[in-house]
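Peer 1: Sharing a model that was predicted from the sequence below.
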Amino acid sequence: MDAVEGFVVALIALFCALIAEGLSYVMIYRTTKYKLAKKELEELAEKVANQKESPDFLVEIGFSDPKKQKKFKELETSLKEKNQNLSLMKMQSTVVVGITFVLLMSVFHSIFDGIPVARLPFEPISFVRGLSHRSLDGEDYYECSFVFLYLMCTMAIRPNLQKLLGFELSRAASKLNSLTSQAQTTATPSS
């Protein structure tokens with residue numbers, strides 16, 4: 001095992017991320033429908049953020065004025081709907097990218113089967129060990145398999161590549177989307 005295999009795996013992960021983002025661009029990001037929906041979502045997110053920064057807004061209850069509260073709730077509902085529409089637009093691409101990843105991973109896994117591609121600086125905990133030492137012979141758990149290094153590289157490369165290419169939502173829209181989804185899960189009673 002030398003450093004070349006680890007570097008090759010990182011390049012494979014970069015290559016696969018580029019393919020995934022290329023497919024996403026062709027299927028989603030370049031369409032006018034997506035661009036319009038993203039623009040509307042970001043504008044709504046900015047409006048909601050501005051209203052939350054208003055001196056009239058109280059964190060626990062919202063606005064004390066019923067008219068302002070109603071308008072605020074309508075904006076939040078519209079934001080949730082736009083976010084759902086954007087997610088539905090991305091669904092088709094996500095399925096295609098997922099299938100592509102599975103196919104490419106199976107091809108590369110067969111090439112690197114039984115070959116340690118890196119050496120970890122620590123011994124993984126037991127439930128991670130099954131993935132980090134997958135298809136490797138021996139008991140040296142410091143050795144790392146293709147699958148583990150590929151997944152770690154993909155998880156590190158793909159989000160940064162999306163940021164670099166400008167395919168992710170603005171910070172305000174992302175933050176508000178996560179906050180509204182958290183509020184929605186806490187507001188729904190569990191059965």
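Peer 2: Great, that's in hand.
Peer 1: Let me know the average pLDDT across the host helix or strand of residue 85.
Peer 2: Taking DSSP states H and E as the criterion, residue 85 maps to helix 66-111. Averaged over helix 66-111, pLDDT sits at 88.
Peer 1: Going by contacts, tell me the helices and strands next to it.
Peer 2: helix 3-24, helix 32-52, strand 62-63, helix 146-165, helix 171-187 (3 or more CB pairs under 8 Å, 6 or more residues apart in numbering; DSSP states H and E). Bear in mind the C-beta positions are built from the backbone N, C-alpha and C, glycine included.
Peer 1: For the third one, which outside residues touch it?
Peer 2: Contacts with strand 62-63, where a contact means CB atoms under 8 Å, 6 or more residues apart in numbering, come from 54, 56, 57, 69, 72, 73.
Peer 1: next one: the first one
Peer 2: If you take CB under 8 Å, 6+ apart as the criterion, helix 3-24 is touched by 90, 93, 96-97, 100-101, 104-105, 108, 112, 115-118, 144, 146, 149-150, 153-154, 157-158, 161-162, 165, 167.
Peer 1: And it, what's buried?
Peer 2: Neighbour counts over helix 3-24 (16 or more other CB atoms under 10 Å) mark 5, 6, 8, 9, 10, 12, 13, 16, 17, 20, 21, 24 as buried.
Peer 1: Only the buried residues of stretch 70-85, if you could.
Peer 2: Neighbour count says stretch 70-85 has 72, 75, 76, 79, 80, 82, 83 buried, by 16+ other CB under 10 Å.
Peer 1: typo on my end, it should be stretch 151-163
Peer 2: 152, 153, 154, 157, 158, 162.
Peer 1: Ok, stretch 42-59 next?
Peer 2: 42, 44, 45, 47, 48, 51, 57.
Peer 1: With pLDDT and distance to residue 31 as extra columns, can I get those in a markdown table?
Peer 2: A markdown table is the format used below for the buried residues of stretch 42-59 (pLDDT from 0 to 100; distance: CB to CB, whole Å):
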| residue | pLDDT | distance to residue 31 |
| --- | --- | --- |
| 42 | 88 | 16 |
| 44 | 89 | 20 |
| 45 | 86 | 20 |
| 47 | 86 | 24 |
| 48 | 83 | 25 |
| 51 | 82 | 30 |
| 57 | 74 | 36 |
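Peer 1: Need the residues you listed in a markdown table (columns: distance to residue 134).
Peer 2: Listed next are the buried residues of stretch 42-59 as a markdown table, based on distance: CB to CB, whole Å:
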| residue | distance to residue 134 |
| --- | --- |
| 42 | 41 |
| 44 | 44 |
| 45 | 41 |
| 47 | 48 |
| 48 | 45 |
| 51 | 50 |
| 57 | 51 |
